[in-house]
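>>> test case, fold it:
(one chain, ligands or ions: 2)
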Amino acid sequence: MKIKIGVFFGGKSVEHEISIITANQAITSLNKDKYEIIPIYISKNGKMYTGENLFDLKEYKDMDKLIKKCEEIVCVNNGNKANVLRVNNKMFSSNIINTIDVAFPIMHGTNGEDGSIQGFLEILGIPYIGPDVLASSIGMDKIMMRRILKEQNIPSLEYVAFYSLDYIKGEDKYIKEIEDKLTYPVIVKAGNLGSSVGIKKANNREGLAEAIEFAMEFSDRIMVEKAITNLKEINCSVLGDMIDAIPSTCEQPIGSDEILSYKDKYVGGSKSKTGGSKGMATLQRKVPADIPEEMHKKIQDIAVKTFKILGCSGVARIDFMIDMEDNNIYVNEINTIPGALSYYLWEATNKPFEKELDELVEIAFKRNRERQNRTYSYDQNILALGNGVKGAKK
Ligand SMILES: Nc1ncnc2c1ncn2[C@@H]1O[C@H](COP(=O)(O)OP(=O)(O)O)[C@@H](O)[C@H]1O
Ligand SMILES: [Mg+2]
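Ligands and ions are numbered 1, 2, ... in the order given. Alright, predicted model coming up:
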């Protein structure tokens, strides 16, 4: 019997189309001898569809037409599995189209990797691949992530963070805090976005105020940190769960400094909202990274530690910054699935994508077993007890 994997993708997110592409790549690489794939496409208005046509990337050129060829569905719990049910009932045939043993959410950005789809799958009560609700949402939130890393003594840059609304009420106070704690140049970031959106460098007080206002267009929370001028970026992927996890070999994205100088042009320039790069997709990379063996090992150790501290499971990519002036290593951020499927890193670590996906499925089942061993309800119904139920306050 094949394992039935429900691949959830699309969704209400600006990264809807990227999700379709990533899902298609993963579906292609999943071993069809072991798995039956049930594609679950979530449209931009939040409806779920399934159907054979969803396997063909060309069909997405006209999404309205594609949807008409598919069946609108809902997922409902059925023990350890989920039933996939038709929304438009058919009179004389079963409305259960299929069942799902394990879900694979491949949704980027908001309503996806921020923990929303994970919450839905928790309620649905089936095993799913990747980090749970908490780890997913921390992974999307640069400020919360930094707070946890600092508290756990993971090397990360000093920062100042605040709410946009507080800043509007007292700009001077925050500018002073930033200047007391950090030195120029600094980098200003929107608190909870990816793909370099809202990021700007500032060389002085004027530039700082401008960069903060720019970031405020995108987010209600702002983060400021020292800009590393002589920067080397290194990424390391980690596979496993909070207890057992292994690092991949490290990669060095190259051309990233050019992206930053591209962004630099926006300082004092036009307020374009399209100044960002699309993640790692367009970057060249060196695998393994061009760093000494000892540093490679150190980064791998910190990557695993970070993965565990943030409570990740499945696979995540931890992005590092090295200050080439003093060789100090800093964790910049963690990227969870799907941005972090990083198959090229695991291929370089002698784990082809197909094998990586097998392990992700195994980890999902393992985590679900552990979850089932926990107590979520008591057998006795206290409402059925004879002597009255005491109110919560007593
Ligand atoms: N403190 C910093 N110093 C120098 N460059 C930085 C710094 N922080 C970020 N950058 C540059 O900006 C890019 C995007 O920043 P990052 O924090 O990774 O946000 P995103 O979620 O958009 O990827 C980084 O890959 C790096 O090139
Ligand atoms: Mg990044």
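
>>> hey, let's count contacts and neighbours off CA atoms from now on
Will do.

>>> so Lys90, which state does it fall into?
Here Lys90 is recorded as coil under DSSP: H, G, I helix; E, B strand; the rest coil.

>>> helices or strands next to the longest helix seen in the chain in the packing?
Among the segments of the chain that qualify as a helix by DSSP state H, the longest is helix 353-372. If you count contacts as 3 or more Cα pairs under 8 Å, 6 or more residues apart in numbering; DSSP states H and E, helix 353-372 packs onto helix 16-29, strand 102-106, strand 314-323, helix 343-347.

>>> of those, which is nearest ligand 1?
Smallest distance to ligand 1 across the helices and strands packed on helix 353-372 (Cα to the nearest ligand atom): 7.2 Å, for strand 314-323.

>>> could you check the angle the closest one makes with helix 353-372?
On the basis of axes from the mean of the first three to the mean of the last three Cα atoms, to 10 degrees, strand 314-323 is oriented at 110 degrees to helix 353-372.

>>> pull strand 314-323 out as CSV, backbone CA atoms only.
Extracted in CSV, the C-alpha atoms of strand 314-323 (Å, rounded to 0.1, in the frame of the first residue of the first chain):
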residue,chain,number,x,y,z
GLY,A,314,11.7,18.5,8.9
VAL,A,315,14.3,20.7,7.2
ALA,A,316,15.3,24.3,7.7
ARG,A,317,18.0,26.5,6.2
ILE,A,318,20.0,28.6,8.7
ASP,A,319,21.5,31.7,7.1
PHE,A,320,24.8,33.1,8.5
MET,A,321,26.7,36.3,8.1
ILE,A,322,30.5,36.4,8.6
ASP,A,323,32.1,39.7,9.3
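
>>> and it, anywhere near ligand 1?
No. Against ligand 1, strand 314-323 shows no contacts by Cα under 6 Å from any ligand atom, the least distance being 7.2 Å.

>>> packing partners of the helix or strand that that strand is followed by?
With elements assigned by DSSP states H and E, the helix or strand that comes after strand 314-323 is strand 328-335. Under the contact criterion of 3+ Cα pairs under 8 Å, 6+ apart, strand 328-335 touches helix 133-140, strand 314-323.

>>> mind putting those into CSV with mean neighbour count and mean pLDDT?
Supplementary listing: the helices and strands packed on strand 328-335 in CSV, determined by neighbours: other Cα atoms under 10 Å; pLDDT from 0 to 100:
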stretch, mean neighbour count, mean pLDDT
helix 133-140, 23, 92
strand 314-323, 24, 95
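
>>> Val87 is nearest to which of these?
Closest of these to Val87 is helix 133-140, at 27.2 Å (criterion: Cα to Cα).

>>> what's in contact with the helix or strand just after that closest one?
As assigned by DSSP H and E, the chain's next helix or strand after helix 133-140 is helix 142-151. The contact list for helix 142-151 (Cα atoms under 8 Å, 6 or more residues apart in numbering) reads 138-139, 155-156, 161, 191-193, 223, 306, 309-310, 333.

>>> next, the angle helix 133-140 makes with helix 142-151.
Orientation check (the same axes, to 10 degrees): helix 142-151 against helix 133-140 gives 100 degrees.

>>> now the residue nearest the centre of the chain. Nearest residue, chain neighbours left out?
Residue closest to the average C-alpha location in the chain (Cα atoms, centre = their mean): Thr336, at 3.4 Å. Distances taken as Cα to Cα, 6 or more residues apart in numbering place Ala316 nearest to Thr336, at 4.6 Å, with adjacent residues excluded.

>>> and the one you found, what does it touch?
Ala316 makes contact with 237-239, 307, 334-337, 340-341 under the criterion Cα under 8 Å, 6+ apart.

>>> and those residues, which two are the farthest apart?
Pairwise over the contacts of Ala316, using Cα to Cα, the maximum falls at Phe307 and Leu341, 14.3 Å.

>>> the more surrounded of those two?
Phe307 (29 against 25; other Cα atoms under 10 Å).

>>> any idea how far the more buried one lies from Val238?
Note on Phe307: its distance to Val238, by Cα to Cα, to the nearest Å, is 7 Å.

>>> what does Arg317 give?
In this view, Arg317 and Val238 are 6 Å apart by Cα to Cα.

>>> and if you look at Gln152?
Using Cα to Cα, Gln152 is found at 18 Å from Val238.

>>> which residues sit against the one helix or strand Ile37 maps to?
Here Ile37, judged by DSSP H and E, is contained in strand 35-42. The contact list for strand 35-42 (Cα under 8 Å, 6+ apart) reads 2-12, 27, 48-52, 54-55, 98, 100.

>>> same question for stretch 284-294.
By Cα under 8 Å, 6+ apart, stretch 284-294 touches 234, 249-255, 296, 345, 348.

>>> next, the buried residues of it.
Using 16 or more other Cα atoms under 10 Å as the test for burial, stretch 284-294 gives 285, 287-289.
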